[in-house]
Each structure stands twice: as C-alpha cells, then as structure tokens.
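Novice: Quick one, structure for this:
(chains A and B)
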2 protein chains.
Amino acid sequence: MNGAETLVSTLVDQGVDICFANPGTSEMHFLAALENPRMRPVLCLFEGVATGAADGWYRMKDSPASTLLHLGPGLANGLANIHNARRASSGMVNIVGEHSGAHLQYDPPLKSDIEGLARPLSHWVRRADSARSIAWDAAAAIAKGFEHPGRIATLILPGDNSWQDAGEPVPLPPLQKAARKVPSQTRIDHVAQVLRSGEPTLIILANKATRGRALELAGTVAAATGARLGSQFFTARIARGAGRVALERIPYAVALATKFLEGFRHLITVETSEPVAFFSYPDKPSLMKQEGTLVHPLVEADEDSALALEMLIDALGAKGIAPIIQPRVETPVPTGALNPASIAHALAAAMPEHCILVDESLTTGRESMALTLGALPHDLINNMGGSIGYSTPVATGAALACPDRRVFCMVGDGSAMYTIQSLWTQAREGLDITTIIFANNSYAILKAEYANMGAGTPGERALSMIDIDRPRIDWQAMAKSMGVPAVAVETAEDFTRAMIASVKEPGPQLIEVRL
Amino acid sequence: MNGAETLVSTLVDQGVDICFANPGTSEMHFLAALENPRMRPVLCLFEGVATGAADGWYRMKDSPASTLLHLGPGLANGLANIHNARRASSGMVNIVGEHSGAHLQYDPPLKSDIEGLARPLSHWVRRADSARSIAWDAAAAIAKGFEHPGRIATLILPGDNSWQDAGEPVPLPPLQKAARKVPSQTRIDHVAQVLRSGEPTLIILANKATRGRALELAGTVAAATGARLGSQFFTARIARGAGRVALERIPYAVALATKFLEGFRHLITVETSEPVAFFSYPDKPSLMKQEGTLVHPLVEADEDSALALEMLIDALGAKGIAPIIQPRVETPVPTGALNPASIAHALAAAMPEHCILVDESLTTGRESMALTLGALPHDLINNMGGSIGYSTPVATGAALACPDRRVFCMVGDGSAMYTIQSLWTQAREGLDITTIIFANNSYAILKAEYANMGAGTPGERALSMIDIDRPRIDWQAMAKSMGVPAVAVETAEDFTRAMIASVKEPGPQLIEVRL
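Specialist: All right, here's what the predicted structure looks like:
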C-alpha cells in the first residue's frame, strides 16, 4: 500500500467511513485510494460545503466524518464551517493535501503556512512525516475526533508521503473511545442543595444533554424540584416535540434574554456556561443574568451528563419520578399571510415524525420556534459558531447520516448565498432535504442590529449594504441551476402544502417563501 | 467623529476609496461611516468575492482597495483570494470587525483568534487599540498596501473602538509612497555581460515589468541583443496584443516547460524567480531549467524594473534601438467545433480594443492563448496563487477599476462554482463583464493530473470525484438567478457572435460554452 491507501484504510478501520471531498492535483493518490469500497466519497463544489457537511454528519452520528481539502487555500475556504463545528463540539478529521517536502523550498504558488492556517480553529494539527507513519497519524487524528466533546483534527498530507510505499498494513488496535469524565460528587451535592432550596432555578442544558437519556433525567430533576429547564438560544442538537422533555429557549436579543432570566435566583449549567450576549453593544451587558443570580456549574464540557444527572437524582432522592413530557399539539394548517407565527404553525403542521430541522432562519424563525414544541418528535439543529452559511452544508451531512429521515433546512436568503453550492451535492446524492428559503431580500437581522448598536437609522448607503434586493435573487432559477426542483409560496397554506408535498417525493426540493 | 468615521475618512484621505463589504453586526458603525460620500461601498454576498475584487481593483489601478469582513470566519472566507492577491503582489487593506475587548473574555460564539487567522497570509496585522489611534493604524495599513510589491494589510476593528469618540480629526501627512529600490549597478553590468555573450538567453519578466515603460524597454534590450522575452505561465497582468512587445509564455506542463527552456544557456529574471513546477510530481523535477543553465537575477521584487532596464540599456549602449513590436493579426471568425484553437481564434476575433481578459480557463484556454497575441491591445490577468475561484471576483474588481473597458472573464465550470456569488455584484453594479463559462462538466485538469501523478487511470470512484456532470449545472439558470443575462453556444461562430454581441450591451452577460 502507498501512504494514501494506508490513510484511507486506517480511517475506515477506525470508524471514519465518509469523506467530503474537494480535491486538487496534490490529492490524486488520495482520490485513487478512495476506490476502497468501505469509504464513501462525497464530492462538494466548495470546501465550506465539505466542512459544514462533516459537522452535520457528526451532529446526527456523534461520530466524525473526514474532509479532503486542497492545500492552504482549500483549508481556508473550509474554516468558517470548521469554526461553527468547533463551537458545536463536533469532531472532524480534515485531510489537507500539500506539496512534497522537497518542492516546498522553491516556494511554488500554492505554498502557504498550512499549520498556521489550521491551528486557530483545530484542536490537533500534524503534518504526516512519512508514508510509513501515516497510519499512526491518522489514528491519532481519529481519536481526537471521537473525544468528548468532539475535536477538530487536521492532518496535512504531503504528496510524496501520499504516493510512497507505506510497507505492510499496520495492525492498529481498535479505536478506544475516551470515557467521559465523572463529575465531582461535591458539585452534585452542592447543586442538590440549591435545588432543595426551592428558589427559582433554571437548568441550562447543552451539547449531548439536550437529547436521549440525559434529557429525560433532566426532566425528572425538573419534575422533582420545580426547577425549569432551558437551553441556550443556539444548541448543537435538541430532541424535541411531542413525548420529549421540553426546554425553554433563552431569547437571542439581549433585552428579551435579560427579561427571561431576571426571575431566576440560580442558573445551573450542563455542558455549557452562563448565557452571554452574542455580540457586544454599547450600553448593553455581556452577561445576561440578573445581578445577584448565582451560577452553578453541574456538568463541564468533557463530563458525562447522563451520569451526572443520575447522581443528582440520587442525591435528591428523586429516582422514579416521571419527567414532565411535552404533549402533542395538533396544529391546524394556517392560512393567510406569511409571518413568523404562521410560518411556525405551518412547520408544526407539516413536519413528519423524526424529521430534522436545521435552523438558520435568523429574523424569520428566531422568536417563534416555541410554536413547534408540540409537533411530532424531531431534532432541531442550530448554528453554534455564528458564521453564516452553515445550514445548507449541515443539512447535507445530516441527510447523509440519516437517510431515512427528511431534513428541513430553514435559511434566510442572505445566509443561503454563502454556501449555496450545497444544493448541487444534495441533487447529486439524491438527499431528502427540503430547503426553505426565507426570501425577504435583505440582511434583515442587520436592520435591527443597526439600531441595537446605537448607530441610528441607516442612511441610503448603509441600507444599500443591508438590502439585497437589487437584483432580487431568483431562487427557482438558482435551484434549477443545480438540479433541485423548486416552488415559490406566498401564503401560509401554500407553504404548508409545499412542505407536505416535498416529504412525499424523494430527493431534494427548495421552497422559496416570499416575504 | 467616532472611530469608524475616522477610519473611513483616513482611508479616503490616503487614497483608498472603495470598500468591498460583507458586513455583520459588529460592523454597524463602519456601515454608518460609509455614508462618507468619498467612499464607494460595494456589497458582496460572500467574502471571497470581496477579497478577490480587491485584488482585481489593484491589478488595474496599482492602488489598494479595502474590504470589510465579519470577524474571524468572515476573514477566513476571504483568505483563499487573499492568498491569490498576495501571490500577485496586490496591495489590500482588510478591515475585520471584532467584538469589543470587554466582551471577548466571555468567549462568545463568534470569537476566534483573528490575528492567528490573518498572519499566515497578511504582511501586516494590527488590532486597533483605541478609537483615538485608529487614524494612525489605518495610515500604517494603507502605506503597506501602497508598497512595492503591494502588501496585504489586515486591521482588526473592535466594536467599542469603532463606536467610541475619536476626538478631532487627525491631520495626517499625505501618503508617501515608498520609492522602489534602485538595482545594483554591479548586477546590471553582470547581466549586460551575459547579454553581450550572444549565448541563448531568456529574459523572464513579471509583475510591474510586463506592461508600460518597463515592457517597452525590455523590448529594446531584446532587439539589441537577440535575447528572447518570456513570462512565467501565470503573470499578474500583461499588456499584450498588437503594438505591444510580445512575451513568450513558459508552458504549464512540466514536460513542455522543460522542453521550452532547454535551449537557453541563461535565464535573466525581472521581478520573479526561475521557473518552478506548479505542483510536485513523482519523477518530475521541481526546477524546470536545463542542467547547466545559469540564472541571473536582474530585478528583485522590490526594485524598479523600468529604472533597471534603462540602466541595462545604457550599459549595453542600446539607447534608441526600437523594440520589436507585435503586429496586428486579423483573425477571421472561426467556424465549426469548439476546441482550444477555435476558442482562442474566436477570442482574437471578438476582443475589442483595451479589453481586459481574466483567465481561469485551465484546460480549455491553457495552451492556446498565444493565438490571441495579435489581437487588439488588451490586458491579460492570471491566477498567481493557484487557489481556484479567483477569476469572477477579480473580473468584478477590474471592471469597477476600469468602467470604460469590457472585461472578459474566462473560467472553467468547476472553478466558477467557488465564488459564483460574484455574478450578483456584477448585476447590481451593472458591470461590463462577459463571463465565459467553459462547461466541460468536469474538473478536466485533474484528469490529466491523475496520470501525471502516476496514479494510473482513475477508477469509478476517483472519476466520480472529477466529473461534475451529475447533475449538469444549468448555467443559464445560474446566471438568471443572479440577474445576469445568458446564452449558450455550441459552435465557434456562435461563440464569436455572442462575445461581439455582449460588448454592445452594457452590463454583465454570461456565455456558456458547451464543450
């Protein structure tokens, strides 16, 4: 085997069996190695699609995907969605092609400081030094990706180490996933005491605690103590809908968030920290809790939430108490004008069981998602890093991870344009994704932020940097250009119908919601 | 004035009067400051368009543009075209928004190591420390952008320093452009001796030496000594066509380049180094000159080519010798099948005087551009950094820099998809750009490179990472989606007609060349 073949074979042996690829000349041997039938290569026409799709894959699988990127600039194009994945605690293994060592001394055009570009957003960076050690490099990268929380590993692959002989396959031991840390009993006991006080308390859940057993256990704690359960405004993935333990979402806007938080004497954090404003504004606080509110960390990012909540339930003597469960709310099909409420009602009416919602709707969906809490059970995915253009790639990766589930990708028109190339991969792979474009022909969020920032009312030139209505993007033509069928809707009932119809047809669709 | 207003006013005072912007919340005060009527803001829907457009602006103006980018991920999205600009020696002033200092301690979602991301591809990085010193920071950044060769300056702008009072305007001295260095007389005399030897010599010109007075002077040297004049395969900008001194292009493929170079005993370099293979391949050399060929640097990157060539002409006693000038070659309109030769002939027949060709045609246009040497005088722009997706943004910036000149942007379909959002800015600004998409539904260059790399014949899976024909991109729909009129052509005569027609209509057009 050559180095590239060893690399691909190590990836699949250790559980990384998909590669979101945007290859170039220096990666030809890696391409050849993708003939390995155990690896699934998925072509992306832009690197931000590849890294975002790897994030989406992780969110649904809790297992890292690999990406193939072309030297420093290829990595650079993927960095914004690596940032988002990092903030979502998603594991990822990036393979970055590079010139052969002997060639670099001549400073060829594509040379750049790849380690320098990788380090600010990777937890682990290594250059493969020889074909014979690539298997070990790959195993170390993969182990990083499987850590809890997930980590970004970036392995730089020089051409010569890719094509040179790597010797006999290395018999690597099977991947040992690092155990999550056990939280300290002292902390558990302290939090139990806080909860027993009966004072108003919000337990803020994040990352792996917003689904599965941890979420149910949190529901028991809430039922036993009267504490309320919340989530940050953005969460990597929440299991929600009828039959699940419901979380209250801390609002985005600083004024709303501080109002929401002001009644609480205690905030208990699980795999997260206390609520922080997304941006800094003149005359607005960075920390959004009320003065005098106490923050108690229950579970740190690298600890085991389910175990911690079990320990807490023991300490509270609350074992066996049933969690409070969100009842099903049948939502009639809304009619008339499209607005945040009717859009949320339409979603609630149309969402099939176990669908996946990827939300980058910004102004349109931001404050109204609570109206979908009683919908059929589903997963909700948010943008954790705040770099827009995350949703269409994440939806792509999520759909590949869960081929039996429909993905709804809700995205503002401005946001959709950053990584619009995702549509092509969705068409190519026949993915069951309904992309919902909220077309207000504007970076509408910036209009509100302009005032929030105390910059007054935007003048003509500032407005011309916020409105994207000249020209209006023709979303049906855009979808068609990349092989995705599309419709446009202008009423709530048409929107609902279009969503329901999209679920019945396999493959991707796009719905332009004209606002 | 607040910090943002001071910044914009310093930019325009010092000669940076265009800003390619993709703003976010933290840049609202900068947006407000764009009301300054001396600054032209141009909205881009993706940051790679903004940085590439700044590169295109510099190529035609020899003067830096500014960009506005949204925190670390916004900068990251612009890095690939910053890499290309850096390799083209283009100056650029990037303004990167950032959280207020006091907010960063809480690790908000969009926080990242902006300096870390900026440094690998910037020559100068600074964080504005206070509103009152922003004018000096900006002046230092702008001076960097105006250096020769042009430099990438990145100024990080925290929100608080943007909105706080900056005091009275600072009376900055007018920009002092650094003088280009004078080359050493010893080196000039040495090169004169080489040229007098009569041995076969190639003078390789680059950067500012491939146009204007330096190019004419090089023509005199060639006429006086019999030396041939060449360019690297990629050059930032070449003045070419009838009436100009013609340069022979060193081929891209290593085998062709070594063959081209093998007759030369001497290579004389002007603002460049000896020819290096673009990639490293097994069993192919990195340096492409023949063994025994001597390399003589005449002008270093920071020196004055025109002055050096004048000194050389003095040393040779060649003053007054007329350069050999490229005659006009009337090209009849080609007919029949589209292939590299008929495409080049069509270009030669259709190109209006003083048009600008931005070339990212890769396989389609690569070896046939010599057929356009006798066209009407024009400028040719190439990708210097090798990160694809450079052409549509560079064409955008070039068209804004030269509103009275038609720009032809020749781009492969695969390459066009990286920064396709450029079309929207072209439509919005009504730019006279004809985008020519060479639609072979493939990363065709990789097919050749697969064999060059010794990876054999691509198997089914490797091929599926090279062909982009499932689905075929519908280029007319793509253009329409962003407000650009489009046609498709399948014959050389239709292609010629479409190009000629596009010149007659103001505003952008797209021609899909079906291969």
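Novice: Which pLDDT value does the model give the residue lying closest to A:His70 once chain neighbours are set aside?
Specialist: Leaving aside its chain neighbours, A:His70 sits nearest to A:Gly24 (3.3 Å; criterion: Cβ to Cβ, 6 or more residues apart in numbering or on different chains). C-beta: built from backbone N, CA, C; applies to glycine. pLDDT recorded at A:Gly24 is 92.
Novice: Contacts only, for A:Gly24.
Specialist: By Cβ atoms under 8 Å, 6 or more residues apart in numbering or on different chains, A:Gly24 lies in contact with A:His70, A:Leu71, A:Gly74, A:Gly97, B:Leu446.
Novice: With respect to A:Leu373, which of the residues you listed is nearest?
Specialist: Nearest to A:Leu373 among those: A:Gly74, at 40.9 Å, using Cβ to Cβ.
Novice: Please identify which helix or strand holds A:Pro334.
Specialist: Taking DSSP states H and E as the definition, A:Pro334 sits outside all helices and strands.
Novice: can you pull the contacts of it?
Specialist: Counting by Cβ under 8 Å, 6+ apart, A:Pro334 makes contact with A:Ala341, A:Ser342, A:His345, A:Ala346, A:Ala349, A:Ala492, A:Glu493, A:Thr496.
Novice: mind checking how far A:Asn81 is from A:Phe20?
Specialist: Note on A:Asn81: its distance to A:Phe20, by Cβ to Cβ, to the nearest Å, is 10 Å.
Novice: I meant to write A:His29 there.
Specialist: Taking Cβ to Cβ as the criterion, A:His29 is separated from A:Phe20 by 18 Å.
Novice: mind listing the strands for the stretch 301-450 of chain A?
Specialist: Under the criterion DSSP state E, counting those that start in this stretch, the stretch 301-450 of chain A contains strands at A:355-360, A:378-382, A:407-412, A:433-439.
Novice: Tabulate the ones you listed (a markdown table), appending mean pLDDT and distance to chain B.
Specialist: Converted to a markdown table, those look like this (pLDDT from 0 to 100; distance: least, Cβ to the nearest Cβ, whole Å):
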| stretch | mean pLDDT | distance to chain B |
| --- | --- | --- |
| strand A:355-360 | 97 | 13 |
| strand A:378-382 | 98 | 10 |
| strand A:407-412 | 97 | 12 |
| strand A:433-439 | 97 | 11 |
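Novice: Serialize those strands to TSV and add fields for mean neighbour count.
Specialist: Shown next, in TSV, are the strands of the stretch 301-450 of chain A (neighbours: other Cβ atoms under 10 Å in any protein chain shown):
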stretch	mean neighbour count
strand A:355-360	26
strand A:378-382	24
strand A:407-412	27
strand A:433-439	27
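Novice: so which of those comes closest to B:His103?
Specialist: In terms of Cβ to Cβ, the element of these nearest to B:His103 is strand A:378-382, at 20.5 Å.
Novice: List the neighbouring strands of that closest one plus their orientation.
Specialist: Sheet pairing for strand A:378-382, assigned by DSSP bridges, gives strand A:238-240 (antiparallel), strand A:355-360 (parallel).
Novice: Can you say which of these is nearest to B:Gly116?
Specialist: The closest of these to B:Gly116 is strand A:355-360. By Cβ to Cβ, the value is 26.1 Å.
Novice: was I right about A:Arg86 contacting A:Leu121?
Specialist: Yes - using Cβ atoms under 8 Å, A:Arg86 is in contact with A:Leu121, at 5.8 Å.
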